[in-house]
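Enquirer: Model the following, please.
(one chain, ligands or ions: 1)
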Amino acid sequence: MKGQPFIKRLGFALHGLHLAFRREASLRLQFLAATGALVGLIVTAAPPVWWAIGILVIGLVLVAELVNSALETLSDLLHPAHHPEIRAVKDIAAGAVLVASVIALAVALAFCLS
Ligand SMILES: Nc1ncnc2c1ncn2[C@@H]1O[C@H](COP(=O)(O)OP(=O)(O)OP(=O)(O)O)[C@@H](O)[C@H]1O
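Expert: Numbering: from 1, shown residues only. Prediction:
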């Protein structure tokens, strides 16, 4: 499947986003939070630098959540039974989402205090 045209690869990526959004409640929640953050930037007429920072941290959280979802899906397919290493994979991926979310909260706090 290597060397597909760009439009096809774009289709695969959009399919992945659609699947993740349909399957993962946590991604839908993060998306809702991201929408809330963008509305907050609009209503406060935030300066461009805060838009840039806000969009970066929103992207960081959503990307972490998408990678976490992909790893969960792969783990469940390859090893549906309980295994300490599957637990490690899932917990580390969840840790990545936690780190991204704490960074996003810290940025939101800094914005509120600015
Ligand atoms: N096959 C497994 N072996 C060992 N531990 C597992 C396994 N599946 C899940 N776990 C443990 O349960 C936790 C939750 O796993 P699960 O796949 O339900 O992820 P989740 O974060 O609840 O998923 P979602 O993001 O879809 O809500 C994992 O972080 C891990 O600690």
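
Enquirer: mean confidence for the helix or strand where G95 lies?
Expert: Assigning secondary structure by DSSP states H and E places G95 in helix 84-113. In this model, helix 84-113 has a mean pLDDT of 96.

Enquirer: Make residue 1 into 45 and carry on from there
Expert: I'll keep to 45 as the first residue from here, and by that count the last item is helix 128-157.

Enquirer: Buried residues in that helix, which are they?
Expert: I130, V133, A137, A138, A140, V141, A144, S145, A148, V151, A152, F155 (16 or more other Cβ atoms under 10 Å). (C-beta placed from N, C-alpha, C; glycine too.)

Enquirer: From these, list the ones also adjacent to the ligand.
Expert: Checking the buried residues of helix 128-157 against the ligand by Cβ under 6 Å from any ligand atom, the ones in range are I130, A138.

Enquirer: what does the protein have sitting close to the ligand?
Expert: Within the chain, the positions near the ligand by Cβ under 6 Å from any ligand atom are E68, S70, E116, H123, H126, H127, I130, R131, K134, D135, A138.

Enquirer: What does Q48 show for phi and psi?
Expert: Phi and psi for Q48, reported as degrees, to the nearest 10, are phi -70, psi 150.

Enquirer: Tell me how far it lies from G55.
Expert: 9 Å (Cβ to Cβ, to the nearest Å).

Enquirer: just the strands in the chain please.
Expert: Remark: strands of the chain are absent; assignment by DSSP state E.

Enquirer: Now render the residues of the chain next to the ligand as a markdown table, adding distance to V107.
Expert: Listed next are the residues of the chain next to the ligand as a markdown table, based on distance: Cβ to Cβ, whole Å:
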| residue | distance to V107 |
| --- | --- |
| E68 | 13 |
| S70 | 14 |
| E116 | 15 |
| H123 | 24 |
| H126 | 28 |
| H127 | 26 |
| I130 | 22 |
| R131 | 23 |
| K134 | 17 |
| D135 | 19 |
| A138 | 14 |
